[in-house]
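K.L.:
Take this sequence and fold it.
(2 chains)
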There are 2 protein chains.
Amino acid sequence: MSTFTPTQTSLQTLFVSVPNMVRLIQRKGLSNCLVGVADRIEQEFLRWEQFDKSARLAFHSPDGVVELMPIADAQQFSFKYVNGHPKNTHLGLPTVMAFGLLADVDTGAPRFLSELTLTTAIRTAAMSALAAKKLARPGSRRMALIGNGAQSEFQALAFRDIVGVRELRLFDVDPQATAKLVANLSGQGFEITVCHSTTEAVRGVDIITTVTADKTNATIITPEMVEPGMHINGVGGDCPGKTELHRGVLEMGAVFCEFEPQSRIEGDMQQMPADFPVTEFWEVLAGRKPGRTSAEQVTVFDSVGFALEDFAALLFMSDAARELGIGEMIDLVPHSPDPKNLFAQLGLGPALAIAA
Amino acid sequence: MSTFTPTQTSLQTLFVSVPNMVRLIQRKGLSNCLVGVADRIEQEFLRWEQFDKSARLAFHSPDGVVELMPIADAQQFSFKYVNGHPKNTHLGLPTVMAFGLLADVDTGAPRFLSELTLTTAIRTAAMSALAAKKLARPGSRRMALIGNGAQSEFQALAFRDIVGVRELRLFDVDPQATAKLVANLSGQGFEITVCHSTTEAVRGVDIITTVTADKTNATIITPEMVEPGMHINGVGGDCPGKTELHRGVLEMGAVFCEFEPQSRIEGDMQQMPADFPVTEFWEVLAGRKPGRTSAEQVTVFDSVGFALEDFAALLFMSDAARELGIGEMIDLVPHSPDPKNLFAQLGLGPALAIAA
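P.N.:
Residues are numbered from 1 along each chain as shown, chains lettered A, B, ... in the order given. Reported below is the predicted structural model:
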């Protein structure tokens, strides 16, 4: 599509398509986007109690799930549309596709519509790295990355730029996925070891990141793999019937989540009783609850992805698009001199004939 | 915006903006849209039990509400974004603005993104007229239209084309709104009487339609105004704290709604106890429950707007746009030869420097 200079009339919506988001990320720099989105997530999480929060609305089908993730504060409303269909890759389609919106709460006017597939990869990695920065042992440099699919490069780079990770130990059941990740990360300053099993990959690391896609109750990480002091960043256990961590792993240490009512349904925590102790991560950020309490403690961030992260990412991308002049103005809703006269906008005049 | 010939690659989304929806309605004809959407609503309501239904998600603020209205069957998912801000007209903005999406359930791919402000006006009127066709007395020709704002022309025309209404008695607290409605309906085959009160307007009519916008517990229709055999089409009592009918009116006859769990929260029914009897309209369409049982019975359609009506309207508009070649293809989600390699779509190559 051609690109327009964003000159906004009162009710046009700024739209950033996938090609324009690629341009935005290229111009801004991926590292700056990862760090900038993490900063914005931290800023919004510190305002946690100002948001009207709800668990996402999920529509499950045999092959996947379609979800809406809304949230609002007193000024802005956002939502994300996102699917999860692990079999899509066999059809040449992405497993996860997303787009989303920012709107004004005081008028309901839609202000920013954007692709969120690339942006979700950035915000998920930024959220993971922000949590690890607060929960992993200081000086963590070695990370196992289990699951080397579409999200893995973003996780690696966010942990490099936000946590200081420099060594990666990789494993995926599909060696081609790992080969792709190795190629994409060449020249990025990582020391990389390709491993032949999860057990081999996690040995001696500071951080274990799991980002697998299968919609099954998997046990990718079992208690005997976990060493004292490790931080586990569990990203792929994110909907009912989709887990990655053996329940024994959750019992080994302190478990942190985003929004507890959603995580108890969707996270690896879905395996645990309703009174299993968990801390919402914003309380650690706000200094209201402890994070890691000792160097030997095992910490688990049971991440499922929460609407407030998308809210933060949409704000970051909206600001960046306006700053860089990237995007197009679209007529998603009408603007007219007389809003009570919607009919007149049809331009049908008073001469419409009676239907036969 | 310029218009593109819709040549769809596997993952592009057909987008119909407001100007393109105006073109679509002009080319199709408003009457054909009203009748076509009503037919589609009837067709989908007859498949009621095949849908995964939920009450809409509403975010309330002091001046209005922002809502998401999702629904899905085994093949397609849809949602609508819609606001309701009665004070918007003072800012030169519409009270109601909307857009929505159709997506494939088996892959999650977004297929059709459309303006839904104009379309909501059409589907709301089509729903009202479809219900009246089944519930009002046969041969109903006189209708009172209370509330002459943005939705009123659409109600009048849908009742003309679907029910056979030929006489209109109009009232609005704002005489300018009524003057606008009279002007827009000139030459449309109606016999029109402008009235000075609701009491005057409803006298002797077959059907009372209320479409007012104030977010208050109003009692626009009281029991003494209602004559035996009338059908009441209550459209504007559609969110918590926003009602139009005195509770005595609901007790006078048989009450019908769209989706009971939502209507008990949002409809005029919100005034009634949880066991107040109500019939879901689809059951009347399907022949499972009686509609009107006598010529003297008062019938009330307590309409709040349900996601399945938007699903039907989106299908109608999607078919019409493709048939007429109206709309643009947009890149809302990525399409690539290797969906597992999302990172490669950024075109950053392997030479990304480490962030400072």
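K.L.:
Run through who's touching the helix or strand bottoming out on mean pLDDT in chain A.
P.N.:
Of all the helices and strands that make up chain A, strand A:217-221 has the lowest average by mean pLDDT, DSSP states H and E, namely a mean of 87. Outside strand A:217-221, the residues within contact range by C-beta atoms under 8 Å, 6 or more residues apart in numbering or on different chains are A:146-147, A:198, A:202, A:208, A:210, A:212, A:232, A:234, A:241-246, A:249, A:271. (Glycine included, C-beta is placed from N, CA and C.)
K.L.:
if we go to 10 Å?
P.N.:
A:144, A:146-147, A:171, A:173, A:198-199, A:202, A:208, A:210, A:212, A:214, A:230, A:232, A:234, A:236-237, A:240-250, A:268, A:270-271, A:300 (C-beta atoms under 10 Å, 6 or more residues apart in numbering or on different chains).
K.L.:
Whichever of those residues end up buried, select them in ChimeraX.
P.N.:
The following ChimeraX selection, which keeps only the buried ones among the contacts of strand A:217-221, applies the criterion 16 or more other C-beta atoms under 10 Å in any protein chain shown:
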select /A:144,146,147,171,198,202,208,210,212,230,232,234,236,237,242,243,244,245,246,247,249,250,268,270,271,300
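K.L.:
Which of the contacts of strand A:217-221 fall in helices?
P.N.:
The members of these that map onto helices under DSSP state H are A:Thr198, A:Thr199, A:Val202, A:Arg247, A:Gly248, A:Val249, A:Leu250.
K.L.:
A:Val66: which element?
P.N.:
Here A:Val66 sits within strand A:64-72, counting by DSSP states H and E.
K.L.:
For chain B, tell me whether that strand is touching it.
P.N.:
Yes - if you take C-beta under 10 Å from any C-beta of the partner chain as the test, strand A:64-72 does meet chain B, through A:Gly64, A:Val65, A:Val66, A:Glu67, A:Leu68, A:Met69, A:Pro70, A:Ile71, A:Ala72.
K.L.:
If we only consider the ones in helices among the contacts of strand A:217-221, which is nearest to chain B?
P.N.:
Nearest to chain B out of those is A:Thr198 (C-beta to the nearest C-beta; 19.0 Å).
K.L.:
my guess is the closest one contacts A:Asn148, does it?
P.N.:
No - A:Thr198 sits out of contact with A:Asn148 when judged by C-beta atoms under 10 Å, with a separation of 11.8 Å.
K.L.:
between these two, what contacts are shared?
P.N.:
A:Phe171, A:Asp172, A:Val173, A:Thr212.
K.L.:
and chain B, which of those residues reach it?
P.N.:
Restricting the shared contacts of A:Thr198 and A:Asn148 to those within reach of chain B (C-beta under 10 Å from any C-beta) leaves A:Asp172.
K.L.:
Mind putting the shared contacts of A:Thr198 and A:Asn148 into TSV with pLDDT?
P.N.:
Written out in TSV, the entries for these read as follows (pLDDT from 0 to 100):
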residue	pLDDT
A:Phe171	97
A:Asp172	96
A:Val173	95
A:Thr212	89
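K.L.:
From the shared contacts of A:Thr198 and A:Asn148, which land in strands?
P.N.:
Cross-referencing these against strands under DSSP state E gives A:Phe171.
K.L.:
Out of the shared contacts of A:Thr198 and A:Asn148, which is nearest to A:Gly187?
P.N.:
The shortest separation between A:Gly187 and any of the shared contacts of A:Thr198 and A:Asn148 is 20.9 Å, and it belongs to A:Asp172 (by C-beta to C-beta).
K.L.:
Enumerate every residue touching the closest one.
P.N.:
If a contact means C-beta under 10 Å, 6+ apart, then A:Asp172 has A:145-149, A:152, A:178-181, A:194-195, A:198, A:201, A:211-212, B:340 as its contacts.
K.L.:
For it, which phi and psi angles does the backbone take?
P.N.:
A:Asp172 adopts backbone torsions of phi -150, psi 150, taken as degrees, to the nearest 10.
K.L.:
which residues touch A:Ser263?
P.N.:
If you count contacts by C-beta under 10 Å, 6+ apart, then A:Ser263 has A:55, A:237-238, A:255-257, A:269-270, A:278, A:280, A:302-306 around it.
K.L.:
mind checking how far it is from chain B?
P.N.:
In this structure, A:Ser263 lies at 19 Å from chain B, with C-beta to the nearest C-beta, to the nearest Å as the measure.
K.L.:
Equivalent analysis for A:Gly139, please.
P.N.:
18 Å.
K.L.:
can I assume A:Phe79 sits in a strand?
P.N.:
Yes - under DSSP: H, G, I helix; E, B strand; the rest coil, A:Phe79 falls within a strand.
K.L.:
what's the helix or strand for the residue nearest in space to the middle of chain A?
P.N.:
Nearest to the mean C-alpha position of chain A, counting by C-alpha atoms, centre = their mean, stands A:Thr124 at 3.0 Å. Take DSSP H and E as the rule and A:Thr124 turns out to sit in helix A:117-135.
K.L.:
Would you agree A:Leu91 is in contact with B:Asp106?
P.N.:
Yes - here A:Leu91 lies in contact with B:Asp106, judged by C-beta under 10 Å, at a distance of 9.2 Å.
K.L.:
More neighbours: which of the two?
P.N.:
Between A:Leu91 and B:Asp106, counted using other C-beta atoms under 10 Å in any protein chain shown, B:Asp106 has the larger neighbour count: 17 against 13.
K.L.:
so that one, which of the three states?
P.N.:
The three-state assignment at B:Asp106 reads coil, by three-state DSSP.
K.L.:
check contacts around it.
P.N.:
A:Ser61, A:Pro62, A:Asp63, A:Gly64, A:His85, A:Lys87, A:Asn88, A:Leu91, B:Ala74, B:Gln75, B:Gln76.
K.L.:
Next, count neighbours for the residue nearest to the first one when sequence neighbours are not counted.
P.N.:
On the basis of C-beta to C-beta, 6 or more residues apart in numbering or on different chains, the spatially nearest residue to A:Ser61 that is not a chain neighbour turns out to be B:Val105, at 5.0 Å. Residues near B:Val105, counting by other C-beta under 10 Å, number 23.
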